[in-house]
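Visitor: sequence and computational prediction follow.
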Amino acid sequence: MFGSVPDGAIEEPSPRRVAMSNEMMVGVNANLADSFSAARGPADDKDLRMWLPRFALEDWFARYKPECDVNIGSSDVEPVTVADLLEPDTRVGDVSLEYGGASGSLALREQVSELHPGTGASDVQCTTGATEAVLALYSAILRPGDHVVVVTPVYQLLVDLPTALGATVTEVPLVRDGERWVLPAIAVANAVRNTTRAIVVNSPNNPTGWTATDTQLAELAVLAHDIGAVLVSDEVYRGIGPVTSTAVQLHASAVVVGSVSKTYGTAGLRVGWVVTRDAELRDSLRTVRYWTTLSSSPLTDSMAVHTLRAASRLLDRANRIVDVNADLVRDFVAARDDVDHVAPQGGTTAWVELLAHDAEDVARRLAVEHRVFTVPSKALCTPGHHLRIGLGRVDLERGLSALTRILEDPRSRR
């Protein structure tokens, strides 16, 4: 079904995630070692004023990225400019800065539906980035006591937000099998229960680069449908790597999250979407948006339309950058005996394991001593000593050169 590796039991709930995520609770302006070692108090701790946990990755970004000149940690593609995006005769000065529609403009929804064969504009709910899409989707489908299955490692939002909403989460980790990542066949099926409301997968996966086949996505969607749940397919990296179908194309009950942020070089537009054929769910998503950002900006909505009209050109650009950088990482790993990785199948990130070094210390020293930004596994609430290397930026070679100097410094070995 999902890969030929030994089946194993799933621990639930994950004490590892609770412990690692909780270590991120104190302010990022403190010494990072102290920040990561601080434990979260109980839910009613007087120091905890929010119902949401700290966001480990974004705290890391806020602490280190502003001071760096080289970025080899982000998962989006090198940004384009407005001039790059628009044709010379394109006019944006006529866009009215009134309130936009809560579902997004018809033009934008038509463009999004073209990415998802078999859907129409009415099946699309636009949002302010994929972050709002996930927030709206979880808020619409989950209630306290519900259960969610999430394939990990993955962006913290997907796995920790359900807990903040009162649900419980079972993680099903990808497993390394030689030179590939696989999803164990029985693991997802064993993880579901009668309160499961969603099975969540991110493909292509950030950070590993694992990419589900059409057969895998379809089987996950059938499994979810058969238990009265939905498959939530986070496809923000789709288009980089092998050509795959969208989940909503494979099964009518699947729900897709997407955005223009990661693969087109237009993260600053903050435009995302949910695609679902379920009219009642779309109504709930729109209601959630009434309580958050209310509507789309006509300006960014218009720019997102131009982005998707140029999708083929922008994806060609992105794939060229990623292919070059994937080769750089492959050569970097092959030349050393203290690092390892599985070449990503798709997406914009490589998950490089440090065999003899502390990943957090290496990432911190890269930022402080070399002004190079990257992301350690701990900032993704993931065990082990890995660095997430972004393959979408144009200065990766400089970053790998600095990483080499850090790894060859005996002080950084654990």
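Guide: It's in.

Visitor: the strands in the stretch 301-414 of the chain, which residues?
Guide: Using DSSP state E, counting those that start in this stretch, the strands of the stretch 301-414 of the chain run over 339-341, 349-354, 372-373, 375-376, 386-390.

Visitor: give me the sheet partners of the first one and which way each runs.
Guide: Next to strand 339-341 in the sheet, as set by DSSP bridges, lie strand 349-354 (antiparallel).

Visitor: neighbouring contacts of the strand it pairs with?
Guide: With contact meaning C-beta atoms under 8 Å, 6 or more residues apart in numbering, strand 349-354 is reached by 75, 153, 206-209, 326, 329, 333, 338-344, 362, 384-391, 407. Backbone N, C-alpha and C define where each C-beta goes, glycine included.

Visitor: and E219, how many neighbours does it have?
Guide: Using other C-beta atoms under 10 Å, E219 has 20 neighbouring residues.

Visitor: now it: how far from V188?
Guide: 9 Å (C-beta to C-beta, to the nearest Å).

Visitor: do E179 as well
Guide: E179 sits 23 Å away from V188, taking C-beta to C-beta as the criterion.

Visitor: higher neighbour count, those two?
Guide: For E179 versus V188, the count of surrounding residues by other C-beta under 10 Å is larger for V188: 23 against 8.

Visitor: need the helices for the stretch 251-400 of the chain, in chain order.
Guide: 279-290, 298-309, 311-334, 359-370, 396-407 (DSSP state H, counting those that start in this stretch).

Visitor: so which of the ones you listed comes closest to G100?
Guide: G100 lies closest, by C-beta to C-beta, to one member of the helices of the stretch 251-400 of the chain: helix 298-309, at 4.6 Å.

Visitor: so what secondary structure elements neighbour the closest one?
Guide: helix 82-85, helix 106-114 (3 or more C-beta pairs under 8 Å, 6 or more residues apart in numbering; DSSP states H and E).

Visitor: still on that earlier bit, and the helices of the stretch 251-400 of the chain as JSON lines, adding mean neighbour count and mean pLDDT?
Guide: Formatted as JSON lines, these follow (neighbours: other C-beta atoms under 10 Å; pLDDT from 0 to 100):
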{"stretch": "helix 279-290", "mean neighbour count": "16", "mean pLDDT": "98"}
{"stretch": "helix 298-309", "mean neighbour count": "20", "mean pLDDT": "96"}
{"stretch": "helix 311-334", "mean neighbour count": "17", "mean pLDDT": "98"}
{"stretch": "helix 359-370", "mean neighbour count": "20", "mean pLDDT": "97"}
{"stretch": "helix 396-407", "mean neighbour count": "18", "mean pLDDT": "97"}
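
Visitor: most tightly packed of the helices and strands packed on helix 298-309?
Guide: Most buried of the helices and strands packed on helix 298-309, by mean neighbour count (mean count of other C-beta atoms under 10 Å): helix 106-114, with a mean of 20.

Visitor: average pLDDT across stretch 376-388?
Guide: Averaging pLDDT along stretch 376-388 gives 96.

Visitor: for stretch 336-354, that is, sorry about that
Guide: Rounded mean pLDDT across stretch 336-354 is 98.

Visitor: make a markdown table from the strands of the stretch 301-414 of the chain and add mean neighbour count and distance to R313 to it.
Guide: Listed next are these as a markdown table, based on neighbours: other C-beta atoms under 10 Å; distance: least, C-beta to C-beta, whole Å:
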| stretch | mean neighbour count | distance to R313 |
| --- | --- | --- |
| strand 339-341 | 19 | 30 |
| strand 349-354 | 25 | 23 |
| strand 372-373 | 25 | 28 |
| strand 375-376 | 26 | 29 |
| strand 386-390 | 26 | 21 |
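
Visitor: of all these, which lies closest to G268?
Guide: Per C-beta to C-beta, nearest to G268 of these: strand 386-390, 16.4 Å.

Visitor: and the closest one, how far out from the chain middle?
Guide: Relative to the mean C-alpha coordinate of its chain, strand 386-390 is positioned 13 Å out (C-alpha atoms, centre = their mean, to the nearest Å).

Visitor: make residue 1 into 54 and carry on from there
Guide: All right, first residue 54 from here; so that's strand 439-443.

Visitor: let's check: the centremost residue of this protein is which one?
Guide: Using C-alpha atoms, centre = their mean, the residue of the chain that lies closest to the mean C-alpha position is Y208, 4.5 Å off.

Visitor: any figure for the gap between that one and L456?
Guide: Using C-beta to C-beta, Y208 is found at 23 Å from L456.

Visitor: and if you look at T184?
Guide: The gap separating T184 from L456 is 29 Å, by C-beta to C-beta.

Visitor: equivalent analysis for V222, please.
Guide: Distance, V222 to L456, by C-beta to C-beta: 33 Å.

Visitor: kindly report the same for R466.
Guide: R466 sits at a distance of 14 Å from L456 (criterion: C-beta to C-beta).

Visitor: for this protein, which spans come out with low pLDDT?
Guide: Residue ranges of the chain with pLDDT under 70: 54-103.

Visitor: burial measure for H410, as a count.
Guide: Around H410 there are 21 other residues, counting by other C-beta under 10 Å.

Visitor: report how many residues lie close to the nearest residue to it once chain neighbours are set aside.
Guide: Closest residue to H410 apart from its sequence neighbours, by C-beta to C-beta, 6 or more residues apart in numbering: S465 at 5.2 Å. S465 has 18 neighbouring residues, counting by other C-beta under 10 Å.

Visitor: equivalent analysis for S349, please.
Guide: Using other C-beta under 10 Å, the number of residues around S349 comes to 24.
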